[in-house]
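*Asks:* give the three-dimensional model of this entry:
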Amino acid sequence: MATFLILLGSGIGTAEIFVQPGDSIQAAVDNATSSGDVIILKPGTYTENIKVNTNNLEIKSESGNPDNTIIKAENSNDNVISLLQANNVKISGLEITGTKDIYAGIYLSGCNNCIIDHNKLLGNSYGMYVLNSTGNTLLTNIVTNNGDYGILFSTANGNTLSDNTASNNKRGIHIGTSDGNKLSGNTISLNSVYGLYVCPKSDNNVVFNNYFNNTVNGDIKNGTGNSYNTTKSAGTNIVAGPYIGGNFWAKPDGTGFSQTAADGDGDGIADSGYKLEKSIYADQLPLVSASGPQQPVIPVANFEMSTTNGSAPLSVQFTDYSENTVSLSWDFENDGVVDSTDKNPVRMYESPGTYTVNLTAASEKGAASKTAIITVTQTIGDNSGSSGTGDNGTEDSGSSSSGSSHSSHKSEGSSGGGGSPEPQSNVEAKEISQFFIASGNPVKFDFSKNATSVVYVSFDSKKTVGRTTAIAEMLRGKSTLVSELPSEEVYKSLNIWVGDGGFGTSKNIENAVICFKVEKSWIQGKNIDQSSITLNRYNNGKWGQLPVNLTGKDNGFLYFTAKTPGFSSFAITGKAKKGETAVTNSQPASQPASQSGFETGNLSKEGNVTALGSGVGQALENRASTKSPGFETVYGVISLIALFLYKKK
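*Replies:* Predicted structure coming up:
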């Protein structure tokens, strides 16, 4: 059930409805029955398709930043947000993604006087689709990397498109059977088929002060009463010239009309008009730049990767080198879904395959993309049936770092250093978990595959960083990142990493808790005082013990939680009980087997004999070095007593 915080507004019957990730935006829309209600989305990612048929409604992000408030299509064969005969609706500050075929990020049908403002629409089939709608305003939106259309008008009249960016789509802006629309201040660039299309049944549209930079800038099919410039007037135009007039017509190869035209009087208007190709129309006042660059500085997308291939799970660090950008959108699988907006994210590829990474760098002047290929191979040893692997393809690693007889198994072939500085050869098992981190919301990374001794990690984040990877590593021995192990008996050495670039510190998180588990067999075999078990953290060159609570147990494990100020290298330790000797399941090589037919280790398993067993075991261990007269007789008596109690049991 969704939970909303509803605050009454100053208007009669109006309210502000706050929605958090995990809650339903649709439920909030359905509950917003009053004119003027405002639905405010907390930062995070929402996965759903939303239908609005309520008038005078506003849906916006709390932050005003589309990069941290994202709506992904739950059903890619439907529009993400559909406004259906809804008037005076405002949508702002959102990133909208994830449709395919003929579906749009934002769809208006039969709507009047709506405002679509400061949104980012990418990775859809259509960015925005306006159908049978009048008097709407599309303002300062970034519409990029959509598979078919950036912005599509169909029988849409009297609408205004101002200061939008339509870049890197198949088609930029398409005006179909639509009259009386105004397009100004838009950046329309790097669209593969065309920048602007105007069909022959579209009349009385005005197109001026736009920046075009496409191989085919316009596919203009005449129509009646259309204009591609306005009256010359003083004012800063889209390329910083002193007059408003027509449009700036560039091409990516630098041969566009506005890039080559003469401007004898230096007013930023070309000395001659520009006739649109295959059209009766011309731009009578085409822009050039009076001084400085002859085009806006558009973004350049560029990045490097720490690796391009490796075995699963493969951790890849991406480093951004883009230029002239306002925002970054990383699509790590080239599926049209934005996975991160961080500058230098880390991605963990868990499954073998070939992945295409797409980075889109955008600004108010346009957008650009770069792609790269990552090849992830099957982990060496997975299901290979080679020596050292079990029937299930997991590797038996033998003894733990403490030297106990406990054996662990790898999870899904997860050996290797992956996304940490720990050498691959020292990692016994590794597990990863991912979570979308939003400021002020509780964060919990569950390690449900039980590959290591870490059960979960939780904390409160002080900032929004988006989808983040946490890694738990269980080591074969001492971490190479520490100078020495703690002095107590070590059960397991661990590394825990959250995010990248030192995110998992007290600067960024608070109330951090690690839940870990310890095998009962280790506690018994090492004769560990249960109350002494603790989690040690290595920080600033030394070990420190963290406060620990016992939280539960099952047949095989005890479960503990520990509060930590950050994440780094850890060691789970315990102390042996004072005055008692641990009983092991093996005899020293120099000691002969007991002539009575049982091993000393077996005594510890026989219920009532446990207390005696440790004493007998000590006596047996001392036998070889005892030289006192009559010792053989005493030894025989003790052995007979032990045998008697054993058989009586």
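*Asks:* report the beta-bridge partners for residue 373.
*Replies:* Taking DSSP bridges, one obtains residue 356 as the residues bridged to residue 373.
*Asks:* who touches it in this structure?
*Replies:* Counting by C-beta atoms under 8 Å, 6 or more residues apart in numbering, residue 373 touches 308, 354, 355, 356, 357. Yep, even glycine has a C-beta here, placed from its N, CA and C like the rest.
*Asks:* and it, what's its pLDDT?
*Replies:* At residue 373, the pLDDT value in this model is 89.
*Asks:* what does residue 631 give?
*Replies:* The model's pLDDT for residue 631 equals 45.
*Asks:* also residue 126?
*Replies:* Confidence score, pLDDT, at residue 126: 97.
*Asks:* contacting residues for it?
*Replies:* Contacts of residue 126 by C-beta under 8 Å, 6+ apart are 99, 102, 103, 104, 105, 107, 146, 148, 149, 152.
*Asks:* for the closest residue to it other than its chain neighbours, give me its contacts.
*Replies:* Using C-beta to C-beta, 6 or more residues apart in numbering and skipping the chain neighbours, the partner closest in space to residue 126 is residue 104 (3.8 Å). Contacts here follow C-beta under 8 Å, 6+ apart; on that basis residue 104 touches 79, 80, 124, 125, 126, 127, 128, 129, 152.
*Asks:* now residue 104: how far from residue 555?
*Replies:* Distance, residue 104 to residue 555, by C-beta to C-beta, to the nearest Å: 54 Å.
*Asks:* please enumerate the helices of the stretch 201-350 of the chain.
*Replies:* Secondary structure of the stretch 201-350 of the chain (DSSP state H, counting those that start in this stretch): helices at 257-260.
*Asks:* residue nearest the centroid of this structure?
*Replies:* Taking C-alpha atoms, centre = their mean, the centroid of the chain lies closest to residue 467, which sits 2.2 Å from it.
*Asks:* against residue 70, how distant is it?
*Replies:* With distances taken as C-beta to C-beta, residue 467 is found 10 Å from residue 70.
*Asks:* if I look at those two, which residues touch both of them?
*Replies:* residue 45.
*Asks:* for the protein, name the helix or strand with the lowest mean pLDDT.
*Replies:* Confidence across the helices and strands of the chain bottoms out at helix 600-603, with a mean of 32, counting by mean pLDDT, DSSP states H and E.
*Asks:* per-residue confidence for residue 27?
*Replies:* For residue 27, pLDDT reads 92.
*Asks:* can you list the buried residues in the one helix or strand it maps to?
*Replies:* Element membership for residue 27 (DSSP states H and E) is helix 25-31. By 16 or more other C-beta atoms under 10 Å, the buried positions in helix 25-31 come out as 25, 26, 27, 28, 29, 31.
*Asks:* try stretch 37-54
*Replies:* Quick answer for stretch 37-54 (16+ other C-beta under 10 Å): 37-46, 48-52, 54.
*Asks:* same check on stretch 526-538?
*Replies:* 526, 527, 528, 533, 534, 535, 536, 537, 538.
*Asks:* which residues of the stretch 151-300 of the chain fall in strands?
*Replies:* Secondary structure of the stretch 151-300 of the chain, counting by DSSP state E, counting those that start in this stretch: strands at 160-162, 165-167, 171-176, 182-184, 187-189, 194-198, 206-208, 211-213, 218-220, 233-234, 243-244, 248-250, 274-275, 282-283.
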